[in-house]
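Enquirer: Here you go, sequence then predicted model.
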Amino acid sequence: MKKFRLAVFASGNGSNAEEIFSFFQRHPAIEVALVLTNNSNAGVLERAEKYSIPTHVFTREQFAKGTEVVDLQRIRESTHKALAGFLLLISKVLTDGYPHRIINIHPALLPKFGGKGMYGMRVHEAVKAANEKVTGITIHEVNEKYDEGKVLFQTLCSIDAHESIEQINRKVLALEHAHYPRVIAEWITSAKA
Ligand code: GAR
């Protein structure tokens with residue numbers, strides 16, 4: 001067992017999760033120990049299988065109560081949790097149980113375009129509707145409120161007026177893939193005990 005064990009929460013496609021799996025495959029101190037999802041059809045499950053990472057599916061109701069994931073042995077053994085396109089609010093049981101040990105990525109420059117209901121393409125639609133000239137990514141610690149934890153990293157990209165929502169999504173995803181695994185590694189290894 002490596003010194004640090006990361007549990008990855010994802011609800012959908014899982015392209016960020018896969019970047020994380022690949023990045024930590026040969027890391028000396030950090031391993032991806034478990035993938036958790038509320039969606040039994042999530043693409044992330046197949047991606048985890050490719051990397052032989054154990055998975056666990058729970059329902060929205062089980063997650064809201066919090067006990068399901070907290071009682072899970074492997075989640076207790078994991079030292080850190082990373083959200084990668086995870087759409088449910090993290091319950092207080094988890095945020096209280098793992099202070100400064102849960103990280104999230106958001107596909108915009110928080111505090112703009114964050115909060116309940118702001119995820120995935122909806123974020124890019126809102127950015128486009130607001131005629132923003134720049135967008136980007138925010139990597140932040142998770143607390144009991146949507147998108148309000150301490151910001152750890154942001155980087156931006158410009159958007160032209162003619163760019164479609166899909167083009168904005170592709171640009172932002174490329175930034176996410178380029179930075180999220182590295183920021184996770186730095187966050188874990190630089191944290192105080
Ligand atoms: C990513 O863009 C991530 O930032 C976003 O969902 C997408 C998941 O893509 N997360 C949120 O909007 C959270 N509020 P992926 O499944 O391909 O990694």
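Expert: Alright, I've got the coordinates.
Enquirer: from here on, contacts and neighbour counts on C-alpha atoms
Expert: Will do.
Enquirer: Let's test this: what are the backbone torsions at the residue lying farthest from the centre of the chain?
Expert: Here the chain reaches farthest from its C-alpha mean at H162, the gap being 29.0 Å by C-alpha atoms, centre = their mean. When read as degrees, to the nearest 10, the backbone of H162 gives phi -80, psi -10.
Enquirer: Quickly find the element holding D147.
Expert: For D147, there is no helix or strand it lies in under DSSP states H and E.
Enquirer: Quick check: the residue farthest from the centre of the chain vs the ligand, distance?
Expert: 21 Å (C-alpha to the nearest ligand atom, to the nearest Å).
Enquirer: and what of V123?
Expert: For V123 relative to the ligand (C-alpha to the nearest ligand atom), the value is 7 Å.
Enquirer: And the helix or strand containing that residue, what does it pack against?
Expert: Element membership for V123, per DSSP H and E: helix 121-129. Here helix 121-129 touches helix 165-190, going by 3 or more C-alpha pairs under 8 Å, 6 or more residues apart in numbering; DSSP states H and E.
Enquirer: what's the helix it packs on packed up against?
Expert: helix 15-24, strand 102-106, helix 121-129, strand 134-141, strand 151-158.
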